[in-house]
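1. Sequence first, then the predicted structure:
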Number of protein chains: 2
Amino acid sequence: MKLQQLRFFLAVVDNGLNITAASERLFTSQPGVSKQIRMLEDELGLSLFQRAGKSLSSLTPAGARVADRARVILREVENIKQMAGDLRGEATGQLSIATTHTQARYVLPPVVAAFRRRYPEVALDLHQGTSEQIAEMLAQAKVDLAIATGGGKLFENILRLPAYCWDRTVLVPPGHELAGGDRLTLRDLARFPLVTYVFSFHGESSFKQAFAAQGLEPNVVFTARDADVIKTYVRLGLGVGVVASMAHDESDCADLVALDARGLFPRLTTWVGFHRDRLLRDFSYDFIALFAPHLNEVRIGAALATPDQNTLDGLFADVDLPVRGGCCDHKPKIKRKST
Amino acid sequence: MKLQQLRFFLAVVDNGLNITAASERLFTSQPGVSKQIRMLEDELGLSLFQRAGKSLSSLTPAGARVADRARVILREVENIKQMAGDLRGEATGQLSIATTHTQARYVLPPVVAAFRRRYPEVALDLHQGTSEQIAEMLAQAKVDLAIATGGGKLFENILRLPAYCWDRTVLVPPGHELAGGDRLTLRDLARFPLVTYVFSFHGESSFKQAFAAQGLEPNVVFTARDADVIKTYVRLGLGVGVVASMAHDESDCADLVALDARGLFPRLTTWVGFHRDRLLRDFSYDFIALFAPHLNEVRIGAALATPDQNTLDGLFADVDLPVRGGCCDHKPKIKRKST
DNA sequence: GATATTTACGTCCGCCGTAACTATT
DNA sequence: AATAGTTACGGCGGACGTAAATATC
């Protein structure tokens, strides 16, 4: 058994059982892939694929089990290579991060800037996408880290570490009836056409739930993937904007009025996540620490030692997660232990 | 990186950093091993060994970490091969078991006989040794299963499944003062010279503790590794024998009197254990089930899913472990659930 | 007929083993 | 001197790529 045989085999599995596609991704010839797979099958003495004539129609049960094990092997090979880079003391390499527009546009810029200063030799790839796309990229190991909010079942086998919390902020044009009024209520909001994020599977559904809990039905007239688009339409007077608190910054103050919506909607937690079994480069952990200083080596080590995501909360009991918002950022602080 | 390079590397590590010894074990030439290791080091860009001139003096920290990962890889390769044997539906192969004399001589014979009837094509290797030797063989993956009693820290990373319980039996020659007397006490035993097992690190120390708890000091005049030797000396009138209850069978009744020692010493549990991460052949699980019928696929699966040996007890809460003794064997039974 | 896989075959890299050499005791 | 490891080198197997054949749609 050769590592290459396993690599070829998995490439075929991951490319819809298409040997030609797999060979192209592997930058090798198609007959070579075909042959190595036959040789692997011969050595193991079993068929990995169900064949319909010449083409592969499906994985056999045996093939599926071999594929699972093969993934472990190739992951560990990858881990050794990553480790070697760190042990050589090199600060070169690549760090790929999947995240949402809000993070990439409003939260990560200073983090990325600091990271690039510290690691000028590391190529940083920021992949932007929906929760589903982020989960997909992480599952396929196309990215090292994910930074997102909510997500529930999408992120199985992913270690998610809480980074910070945020609320929503309501944006209206200057002079709008809601501007300068009393403390905002959901009832107020329900009276106006709303402009907010596209509803995805993840936490955003809490938007509608908050209204429903008070017997209200929000009048959402327009949704967009990112806050910049939402703001544009709010400026046009199309409606009242509801965005993530981080998405409101000083530059908006000129022509938009931000209203505090804390308490109206449930507070959300943005996390940074990665595959439990994939070893990250040292600089990746540094990136995480730059992004969320409480996520230091010790805490991440403890989190990795916790087998289950659900029992992880206790680890962060002593951390007062920072709450981020355009005008009220504050640094994370560690709770004093109650005596 | 090639699997062979990892294999060569680990062989050197496991042979006292002696390349020649490693090459012999690998049935290949010494320069080949030397070269492949250099190539692995070149590819990873780091030294795996600390070299003193030409010879290897120690593993570098990097080498140690690579070795750990490499072991995972080769173990998974091994697992794939084992799995292939099962998936082919073959009932051929090898099953190596490390165990103690008592098990091999008194407990396993009927199990082995039944196993051999069912799997005539499987070569069964029984390796007999002390607890320490058994732990060693299991740790080095020289055996698939271990069957032993006690052992505490010796068996880290080993999944130990309780198989049955046993007490000690006291053996005396016919006509001995203790024969036919009242219920035996430790005080009685302490009055006579005793013949029992060699004290090892494991549960046997409970022997002395039982006496010490009553302020008694046993007079052990002779110790042996196995019950047959002990019986021989008891027959010679050298002293009173204290053996595992399984070690007394009908053939002894002619010239030895067995006295029930239940309650005098703590009850011991014999377990069957194997490496958590090593995949066993199907017939190995069948062997376990033959040995301890309550250790069926479901329970072993549940035990494998339990990350920690210490939290494993709950899994067997509903099992009434059989107690084995020369004259009072009984089958395991499942406790009725209390309503 | 277009697409996809296997078979066939020639090239070349790289692994292996022998032999000679070097360092260490 | 004996033991252990590296360097040198020739043989050979096997991996790869091109080209042709074959099966599938």
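-> Cool, got the structure.

2. Quick check: which element contains A:Thr102?
-> Secondary-structure assignment from DSSP states H and E places A:Thr102 in helix A:101-102.

3. and the very next helix or strand once past that helix, what does it pack onto?
-> The helix or strand immediately downstream of helix A:101-102 is helix A:108-118, counting by DSSP H and E. Contacts defined by 3 or more Cβ pairs under 8 Å, 6 or more residues apart in numbering or on different chains; DSSP states H and E place helix A:108-118 against strand A:93-99, strand A:122-128, helix A:282-291. (C-beta placed from N, C-alpha, C; glycine too.)

4. make it 7 Å
-> The contact analysis (3 or more Cβ pairs under 7 Å, 6 or more residues apart in numbering or on different chains; DSSP states H and E) places helix A:108-118 against strand A:122-128, helix A:282-291.

5. one step back: so for the helix holding A:Thr102, mean pLDDT?
-> Average pLDDT, helix A:101-102: 94.

6. all strands for the stretch 1-150 of chain A, in order.
-> The residue ranges that make up the strands of the stretch 1-150 of chain A, judged by DSSP state E, counting those that start in this stretch, are A:49-52, A:55-59, A:93-99, A:122-128, A:145-149.

7. What separation is there between whatever residue of the stretch 201-339 of chain A ends up closest to DNA strand C and chain B?
-> Among the residues of the stretch 201-339 of chain A, A:Leu279 lies nearest to DNA strand C; the distance is 24.7 Å by Cβ to the nearest atom of the strand. From A:Leu279 across to chain B, the span is 8 Å (Cβ to the nearest Cβ, to the nearest Å).

8. tell me, what residue is most central in chain A?
-> Among the residues of chain A, the one closest to the centroid is A:Ala146, at 3.2 Å (Cα atoms, centre = their mean).

9. where does chain A come near chain B, residue by residue?
-> Contact residues of chain A with respect to chain B, defined by Cβ under 7 Å from any Cβ of the partner chain, are listed as A:1-3, A:44-46, A:62, A:65-66, A:69, A:72-73, A:76-77, A:79-80, A:83-84, A:87-88, A:307.

10. I only care about those that end up buried; give me the ChimeraX line for that.
-> If you want just the buried ones from those in ChimeraX, going by 16 or more other Cβ atoms under 10 Å in any protein chain shown, the selection is:
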select /A:1,3,44,46,62,65,66,69,72,73,76,77,79,80,83,84,87
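
11. out of the residues of chain A next to chain B, which are inside helices?
-> Among the residues of chain A next to chain B, DSSP state H puts A:3, A:44, A:62, A:65-66, A:69, A:72-73, A:76-77, A:79-80, A:83-84, A:87 in helices.

12. quick one on the thing from earlier: pretty sure the residue nearest to the centre of chain A sits against A:Thr270.
-> No. Under the criterion of Cβ atoms under 7 Å, A:Ala146 is not in contact with A:Thr270, lying 10.6 Å apart.

13. Which parts of chain A belong to which domain?
-> Split into domains by automatic domain parsing, chain A comes to A:3-84, A:91-165+A:268-335, A:168-260.

14. In a markdown table, list those domains along with distance to DNA strand D.
-> Formatted as a markdown table, the domains of chain A follow (distance: least, Cβ to the nearest atom of the strand, whole Å):
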| stretch | distance to DNA strand D |
| --- | --- |
| domain A:3-84 | 2 |
| domain A:91-165+A:268-335 | 21 |
| domain A:168-260 | 35 |
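
15. could those domains go into a markdown table alongside distance to B:Val107?
-> Listed next are those as a markdown table, based on distance: least, Cβ to Cβ, whole Å:
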| stretch | distance to B:Val107 |
| --- | --- |
| domain A:3-84 | 34 |
| domain A:91-165+A:268-335 | 35 |
| domain A:168-260 | 57 |
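
16. Against A:Ser47, how distant is the most far-flung residue of chain A relative to its centre?
-> Largest separation from the mean C-alpha position in chain A: A:Gly53, at 41.6 Å (Cα atoms, centre = their mean). Here A:Gly53 is placed at a distance of 14 Å from A:Ser47 (Cβ to Cβ, to the nearest Å).

17. Neighbours of the nearest residue to A:Thr99 once chain neighbours are set aside, how many?
-> With Cβ to Cβ, 6 or more residues apart in numbering or on different chains as the criterion, A:Thr99 has its nearest non-adjacent residue at 4.2 Å, and that residue is A:Ile147. Summarising burial for A:Ile147: neighbours were counted as other Cβ atoms under 10 Å in any protein chain shown, giving 26.

18. got the end-to-end distance for stretch A:101-117?
-> Terminal residues of stretch A:101-117 are spaced 23 Å apart (Cα to Cα, to the nearest Å).

19. Please apply the same query to stretch A:211-223.
-> For stretch A:211-223, the first and last residues are 17 Å from each other (Cα to Cα).

20. and it, which residues are buried?
-> In terms of neighbour count (16+ other Cβ under 10 Å), stretch A:211-223 has its buried residues at A:211, A:216, A:218, A:220, A:222.

21. One more: stretch A:275-293?
-> Counting neighbours by 16+ other Cβ under 10 Å, the buried set in stretch A:275-293 is A:275, A:278-292.

22. Check stretch A:225-234 too.
-> A:225-227, A:229-231, A:234.

23. want to throw those residues into JSON lines with pLDDT?
-> Compiled in JSON lines, those are given as follows (pLDDT from 0 to 100):
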{"residue": "A:Arg225", "pLDDT": "88"}
{"residue": "A:Asp226", "pLDDT": "91"}
{"residue": "A:Ala227", "pLDDT": "92"}
{"residue": "A:Val229", "pLDDT": "94"}
{"residue": "A:Ile230", "pLDDT": "95"}
{"residue": "A:Lys231", "pLDDT": "94"}
{"residue": "A:Val234", "pLDDT": "94"}
